[in-house]
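Trainee: Kindly return the folded structure for what I paste below:
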Amino acid sequence: MGNRNKLVDGMLIGALIGGAISLLDKNTRTTVIHNGKCVGGKLKYVVQNPQEVADAVRMRIDTVKTTMDDVSRDIDYLRLKVNQLKETTPQVLEIVNETKEVISKHLDSAEHKNKNL
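Mentor: Here you go, the predicted model:
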């Protein structure tokens, strides 16, 4: 357990040192400050309007649930149609083959009659 704490401590110290070194760059510093202000403003809004934020989250969740239900129904419908197609395709192929045979027989008999004339 003592070794693990040293590892975590070392990682945190390394992260802090790396963060401090990266802040030496002016662009990075400016970006961090700007992003920090944006996050701070959003947090302030959430703290001041918790009910509004909760309602917005609930609405988003309801929208996602509705969309998922619609997608689920669509998938079920497509699955049904694919299964119906699997069942009817062999029947259709059989009908096409029978029709082809009948037409071939009629064409052959018509050619045979024409040759005899």
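Trainee: how close does residue 43 sit to residue 58?
Mentor: Distance, residue 43 to residue 58, by C-beta to C-beta, to the nearest Å: 20 Å. All C-beta atoms are positioned from the backbone trio N, CA, C, and that covers glycine.
Trainee: Show me where the chain dips below the pLDDT cut-off.
Mentor: Counting by pLDDT under 70, the chain has low-confidence residues at 1-4, 114, 116-117.
Trainee: how about a cut-off of 90?
Mentor: Applying pLDDT under 90 to the chain picks out residues 1-7, 19, 22-23, 84-98, 100-117.
Trainee: all helices of this protein, in order?
Mentor: With DSSP state H as the criterion, the chain has helices at 2-22, 26-48, 50-116.
Trainee: gap between stretch 90-108 and the chain center?
Mentor: Relative to the centre of its chain, stretch 90-108 is centred 44 Å away, using C-alpha atoms, centre = their mean, to the nearest Å.
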